[in-house]
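Visitor: fold the following and give me the result.
(one chain, ligands or ions: 1)
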Amino acid sequence: MPEPAPKPPFFAGVDLGGTKILTGIFDAGLNCLARAKVSTKPERGPEEVIARIARCVRDAVDECDLDLKQIHSIGIGAPGTIDAANGRVLFAPNLKWEDVPLKKSLEKQLGLPVSVENDANAAVLGVYETELTGKPRHVIGIFLGTGIGGGLILDGKLFSGFSGTAGEIGHMVLDVGGPKCNCGNQGCFEALASRTAIFRKLSEAVGSGKKTILTDTLGSDLKDLRSGDLRKAIRKGDKLVESIVEEAAEYTGIAVANLINLLNPQVVVLGGGVIDALGDEMMAIILETASDYGMSGAMKGVDIVASKKGDDAGIVGAAVLARRQSK
Ligand SMILES: [Zn+2]
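Guide: Okay, the predicted model is just below:
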């Protein structure tokens, strides 16, 4: 798209998730001016979801009293396999999308340039630009939520691999023959340490007669369970929840060690809803396990830290993508 007259440097960052769409409007310094949120409703199909993204962007723009004309460009972090060069979502199982031309459709709706990247790649960019002020050259981001996403910054740049699919940290197999993963394999990191995995193990344990205080408030089917409930239960001395969360933290530590042995990063940053809620409970175990499994040479001087960005990592990272279009 040819660039007409220069526009003020405001950017929209969109985090497209399976259940919600978040948009933030940012200035060139990546300060967030306003946010908006709408539900995704993927069951209505890609066209309707893209219309909802457009609405969410308009809402956020309106919220900070700007006009859409003042937005330079839009970045989107989308789940699944992304063809970033062409802005297409190739495969996103949780949206049930196959080869959706997200960039083209949204550009048509909003009349602004759009860039699309994998959501975890966007999130690691967001953390890199706003939290890691020392600007390390080699950074690994791991985001534990409903699934587990990863992003690699190598030599100061997002590493996307031969055909753009690199960074699927959640699908490293850590337990051969282990629990089934959404990708079809067994024993993936995601099937062992995501929120979904933790909740599944807890339900199985309750089903086999183990006791947790969570059933007192949520019933035996543990409906409406949230990551924050796990933290509260552990703080009240719930041994079952503690052991399941500990196990997830150990698998995370093993994943971190594998990645450190392979890539020798300066920083490994952990984020996402599970780390937000359970960072205090998990980080010490992650560090300890990583140092048990990491090769001593590779572990030396590596920082393993929790992101403080929470949900915002996705929208900030998407705004970084948008800002790159202005350079
Ligand atoms: Zn998998």
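Visitor: residue ranges of the helices in the chain, please?
Guide: Counting by DSSP state H, the chain has these helices, from start to end: 46-63, 102-110, 119-130, 190-193, 195-207, 214-218, 227-235, 239-263, 273-293, 296-299, 312-324.
Visitor: reformat those as JSON lines; add mean neighbour count, distance to G18 and mean pLDDT.
Guide: C-betas here are computed from N, CA, C, even on glycine. What follows is the helices of the chain, written out as JSON lines (neighbours: other CB atoms under 10 Å; distance: least, CB to CB, whole Å; pLDDT from 0 to 100):
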{"stretch": "helix 46-63", "mean neighbour count": "19", "distance to G18": "10", "mean pLDDT": "98"}
{"stretch": "helix 102-110", "mean neighbour count": "19", "distance to G18": "15", "mean pLDDT": "97"}
{"stretch": "helix 119-130", "mean neighbour count": "28", "distance to G18": "10", "mean pLDDT": "94"}
{"stretch": "helix 190-193", "mean neighbour count": "27", "distance to G18": "14", "mean pLDDT": "97"}
{"stretch": "helix 195-207", "mean neighbour count": "18", "distance to G18": "11", "mean pLDDT": "95"}
{"stretch": "helix 214-218", "mean neighbour count": "14", "distance to G18": "22", "mean pLDDT": "91"}
{"stretch": "helix 227-235", "mean neighbour count": "18", "distance to G18": "16", "mean pLDDT": "95"}
{"stretch": "helix 239-263", "mean neighbour count": "20", "distance to G18": "20", "mean pLDDT": "98"}
{"stretch": "helix 273-293", "mean neighbour count": "19", "distance to G18": "13", "mean pLDDT": "96"}
{"stretch": "helix 296-299", "mean neighbour count": "12", "distance to G18": "35", "mean pLDDT": "88"}
{"stretch": "helix 312-324", "mean neighbour count": "27", "distance to G18": "13", "mean pLDDT": "95"}
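Visitor: need those helices in CSV (columns: distance to R137).
Guide: What follows is the helices of the chain, written out as CSV (distance: least, CB to CB, whole Å):
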stretch, distance to R137
helix 46-63, 33
helix 102-110, 29
helix 119-130, 11
helix 190-193, 27
helix 195-207, 31
helix 214-218, 43
helix 227-235, 32
helix 239-263, 11
helix 273-293, 20
helix 296-299, 15
helix 312-324, 17
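Visitor: to the ion, which of the ones you listed lies closest?
Guide: Closest of the helices of the chain to the ion is helix 190-193, at 5.3 Å (criterion: CB to the ion).
Visitor: what does the closest one contact?
Guide: 144, 147-148, 170-171, 174-175, 178-183, 185, 196-197, 247-249, 251-252, 255, 274 (CB atoms under 8 Å, 6 or more residues apart in numbering).
Visitor: so what's the closest residue to S291 other than its chain neighbours up against?
Guide: Spatial nearest neighbour of S291, chain neighbours left out: M299 (5.8 Å); criterion: CB to CB, 6 or more residues apart in numbering. Neighbour list for M299: 257, 260, 290-291 [criterion: CB under 8 Å, 6+ apart].
Visitor: determine which two of those residues are furthest apart.
Guide: I260 and S291 (9.5 Å; CB to CB).
Visitor: so how far is G170 from the residue positioned nearest the centre of the chain?
Guide: When CA atoms, centre = their mean is applied to the chain, the residue found nearest the centroid is A120 (4.3 Å). Counting by CB to CB, to the nearest Å, the separation of A120 from G170 is 8 Å.
Visitor: and for D312?
Guide: Taken as CB to CB, the span from D312 to G170 is 21 Å.
Visitor: show me what the nearest residue to V14 once chain neighbours are set aside is bridged to.
Guide: Spatial nearest neighbour of V14, excluding adjacent residues (CB to CB, 6+ apart): I76 at 4.4 Å. For I76, the beta-bridge partners are V14, V116 (DSSP bridges).
Visitor: burial count for P265?
Guide: Residues within reach of P265, counting by other CB atoms under 10 Å, total 23.
Visitor: dihedrals phi and psi, it?
Guide: Note on P265: backbone dihedrals following degrees, to the nearest 10 are phi -80, psi 170.
Visitor: surely it touches V139?
Guide: Yes: if you go by CB atoms under 8 Å, P265 and V139 touch, sitting 5.8 Å apart.
Visitor: ok, now how distant is the closest residue to A319 other than its chain neighbours from A51?
Guide: In this structure, A319 finds its nearest non-sequential neighbour in G13, 3.2 Å apart by CB to CB, 6+ apart. According to CB to CB, G13 and A51 sit 19 Å apart.
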